[in-house]
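Peer 1: test case, fold it:
(one chain, ligands or ions: 1)
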Amino acid sequence: MSSYIRAIRLVNFRNYRDAAVSLAPGLNVVVGDNAQGKTNLLESLAFTATGSSPRTPNDSEVVRWGAEFARTEMRVVAGGRERAVAVGYAPGQKKRLSVDGVRRDSLARYAAGEAGVRVVNFFPDDIRVVKGAPADRREFLDGILSSLRPAYARAAADYARAVQHRNQLLRRIRDGISSRRTLSTWDRRVVELGLQLLRGREAAIGPLGEMFSDALRALYGSQKAGMRYSHSVTPEAYAEALREAHESDIERGRTSVGPHRDDFTLLLGGVDLTTYGSQGQQRLATLALKFAAREYVREVTGEDPVLLMDDVMSELDERRREYVAGYFMESSQAVVTTTNREYFSPQVLKRARVVRVAGGSVIQEPDQKAG
Ligand SMILES: Nc1ncnc2c1ncn2[C@@H]1O[C@H](COP(=O)(O)OP(=O)(O)OP(=O)(O)O)[C@@H](O)[C@H]1O
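Peer 2: Sure thing, here's the model as predicted:
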């Protein structure tokens, strides 16, 4: 059986002072009115599993207002045994990650599975992956690859830094402060790291596109969907293109080719969903992308990641809600928030764990399922 989260404790996390939640394998439904802490609870599960919030790059936002630190503790069942993982954060200090009481120093390694469980999140705002800018799509792709390989996460971070350095140098050359002497050194560094990203993305895009197509067909209908990577430059032409771009890059003060300028297109029936998709199609495509991410993680690791799904039911019609509820029940573990428990049928609720959230407090409902 794949790993799952058995329980989490939140101390000074967002609007939770000190709360504990116990979760079951299969479907967990988090019910509550608006602004009670449902999304915060999902965020805390991702924060503890990966060491970072999927909602903000600024860790101090998760610390409860007026508190000096935030801490989350999670019990994960992985490979038949239980492990205790914890994340602690106090503004101004290094984040503390631990597994079974032992400190972990590498966030990239922690995020790529040291906690014993991987997660795939869906937040309503994720529609920007379909609708938004190329950077949103690159972040989605890089997020999946980083969760699978710490080496990819490190290459992505090093690449971003190398491009920043190169851009600084380009501006200094333009302003007559630096000579061109070191530009080729930075070109080599940028290409070496950029190729790692291109190769990682290229290997993923094929299978991910197939999975996206299958997921969208199940959610939307029979039209063929697809995913196409658009290069600003191919790996073969990369080094040469960067050299050729020297003059214009110096003029603009930024690096014009490389994986930080790439994108991927999402197609439905041959039409670009970013430009022409209806709101409903874009929403379903966002969900299909998340389902594809889950399949891909499962294929690569052999383990089903935990699905953390925020308010996914409210946008769906009844037929699709039924399909999605079935999908969650079949997964190793899904935690799904809703303001309205009636989005789930009584039969589904009978087989689910229901957790009620009100004002940063948690009320566990007794399980209805036998045993
Ligand atoms: N750092 C923080 N400290 C204290 N409270 C916070 C912090 N960050 C957010 N909150 C508050 O937590 C409350 C609950 O937020 P959350 O997003 O979890 O609501 P929700 O139950 O998902 O609601 P909705 O159904 O409206 O999406 C909000 O009122 C928000 O202002």
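Peer 1: pLDDT below threshold where in the stretch 251-371 of the chain?
Peer 2: Scanning the stretch 251-371 of the chain for pLDDT under 70 picks out the ranges 369-371.
Peer 1: which parts of the strand or helix carrying Gln282 are buried?
Peer 2: Assigned by DSSP states H and E, Gln282 belongs to helix 279-301. For helix 279-301, the neighbour count (16 or more other C-beta atoms under 10 Å) marks 281-298, 300-301 as buried. To be clear about C-beta, it is placed using only N, CA and C from the backbone, and glycine gets the same treatment.
Peer 1: if we look at the helix or strand harbouring Arg321, which residues are touching it?
Peer 2: Counting by DSSP H and E, the element that carries Arg321 is helix 318-330. For helix 318-330, the external contacting residues (C-beta atoms under 8 Å, 6 or more residues apart in numbering) are 26-27, 218-219, 284, 287, 291, 307, 309, 312-313, 316, 334, 336, 343-345, 348, 351-352.
Peer 1: who does the following helix or strand past it touch, helix- and strand-wise?
Peer 2: Scanning forward in sequence from helix 318-330 by DSSP H and E, the next helix or strand is strand 333-338. The contact analysis (3 or more C-beta pairs under 8 Å, 6 or more residues apart in numbering; DSSP states H and E) places strand 333-338 against strand 4-13, strand 26-31, helix 38-50, strand 306-309.
Peer 1: what separates strand 333-338 from the chain centre, distance-wise?
Peer 2: Averaging C-alpha positions (C-alpha atoms, centre = their mean, to the nearest Å) puts strand 333-338 16 Å from its chain's average.
Peer 1: neighbouring contacts of it?
Peer 2: Identification of contacts with strand 333-338 by C-beta under 8 Å, 6+ apart yields 2, 4-5, 23-32, 38-39, 41-42, 45, 304, 306-314, 328, 344.
Peer 1: do stretch 91-98 as well
Peer 2: Applying C-beta under 8 Å, 6+ apart, the external contacts of stretch 91-98 come out as 51, 59-60, 63, 68-69, 85-89, 103-105, 107, 110, 114.
Peer 1: what's the answer for stretch 285-298, then?
Peer 2: If you take C-beta under 8 Å, 6+ apart as the criterion, stretch 285-298 is touched by 118, 120-122, 126-127, 129-130, 140, 144, 147-148, 204, 207-208, 211-212, 214-216, 219-220, 225, 266, 268, 273, 277, 303-305, 307, 309, 312, 324, 327, 331.
Peer 1: list the buried ones in the helix holding Arg321?
Peer 2: By neighbour count with 16+ other C-beta under 10 Å, helix 318-330 contains the buried residues 320-321, 324-325, 327-328.
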